[in-house]
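*Asks:* Okay, predicted coordinates and the sequence, questions at the end:
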Amino acid sequence: MAYKNIVILTGAGISAESGVATFRDAGGLWEGHRVEDVATPQAFRRDPDMVQQFYNARRAQLPSVDPNPAHYALAKLEGELVGDVLIITQNVDDLHERAGSKNIIHMHGELNKVRCLGCGAVHDWLADCHRESPCPTCEAEGQLRPDIVWFGEMPMFMDRITRALSTCDLFLSIGTSGNVYPAAAFVAEVGRTGYAESVEINLEPSLGASLFDTCLHGKAGTLVPKFVQEILEA
Ligand code: APR
């Protein structure tokens, strides 16, 4: 079948072969930190310098990792499909962009952006961010935070995401363990329309694997290019 409207959810597993650590494969530690020590609003209030330092280190790592064949295959799909392709990523890295994908929603934010708690402005930010870094819009100091969705916060762009899920004819989930909501519920949401097919590509069955029409288990860098080729030849 030739798909016309494809929505793709990606998670940490798609960036694993690029050398970016996943969240849950390292015994609950995220690059040596407990998530609640660095990825919550409470952590930022308690120790803003430590949290900024953690994200500064991750931002600084980005130029040293490159997109892998799975990212490139999704960019090719968007470029060649006669129809729409939307990537909804939980990842905060920029590997989809660097592979050439254009239609991307970062539902958990982006490492390369900061947000001002004072005026709400969001700015591209490639350097380190410190407590004294002034907001380029309102010039207030001490107000910039990583533009990242932390535990306990609402994911971004949910209206657009809900609309996209209700109109797609293929929902593809790649490299996500199905632990974190609402992303883990997207497959059920898509299932309600009755006409979208759902496919999981993951190293191992995710928590929601039984909800998918088809599951392909193995490395994204191998399986995604093959799957994309099949779609483009259909
Ligand atoms: N190819 C495909 N899948 C892989 C690969 C690979 N090479 N390597 C690992 N995986 C799979 C793992 O088996 C796991 O099921 O990717 C999944 C990654 O799961 P998580 O680490 O839980 O990452 P993710 O699902 O993206 O986490 C969701 O949780 O901590 C929060 O906000 C954070 O966006 C993140 C969210």
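*Replies:* Thanks, I have it. Residues are numbered from 1 along each chain as shown.
*Asks:* Flag every residue of the chain that's near the ligand.
*Replies:* Residues of the chain lying close to the ligand (CB under 6 Å from any ligand atom) are 11-13, 16-17, 22-25, 35, 90, 108, 175-177, 179-180, 202-204, 206, 219-220. For every residue, glycine as well, the C-beta is placed using N, CA and C.
*Asks:* run the last query once more with 8 Å
*Replies:* Neighbours of the ligand within the chain, by CB under 8 Å from any ligand atom: 10-14, 16-17, 22-25, 30, 35, 39, 70, 90-92, 108, 149, 151, 174-180, 183, 201-204, 206, 218-221, 223.
*Asks:* which residues of this protein fall in helices?
*Replies:* Ranges of helices in the chain, per DSSP state H, are 12-16, 35-38, 41-46, 48-61, 69-80, 95-99, 158-167, 186-191, 220-233.
*Asks:* Can you flag the weakest of those helices by average pLDDT?
*Replies:* Here the lowest mean pLDDT among the helices of the chain goes to helix 35-38, at a mean of 86.
*Asks:* Drop anything exposed from the residues of the chain next to the ligand.
*Replies:* 10-14, 16-17, 22-24, 30, 39, 70, 90-92, 108, 149, 174-178, 180, 183, 201-203, 206, 219-221, 223 (16 or more other CB atoms under 10 Å).
*Asks:* now the angle between helix 48-61 and the longest strand seen in the chain, please.
*Replies:* Looking across the chain with DSSP state E, the single longest strand is strand 109-116. Strand 109-116 runs at 130 degrees relative to helix 48-61, counting by axes from the mean of the first three to the mean of the last three CA atoms, to 10 degrees.
*Asks:* Please state the mean pLDDT value computed over strand 109-116.
*Replies:* 98.
*Asks:* can you list the residues that contact that strand?
*Replies:* 55, 58-59, 62, 92-94, 121-126, 129, 133, 135, 137-138, 140, 143-149, 156 (CB atoms under 8 Å, 6 or more residues apart in numbering).
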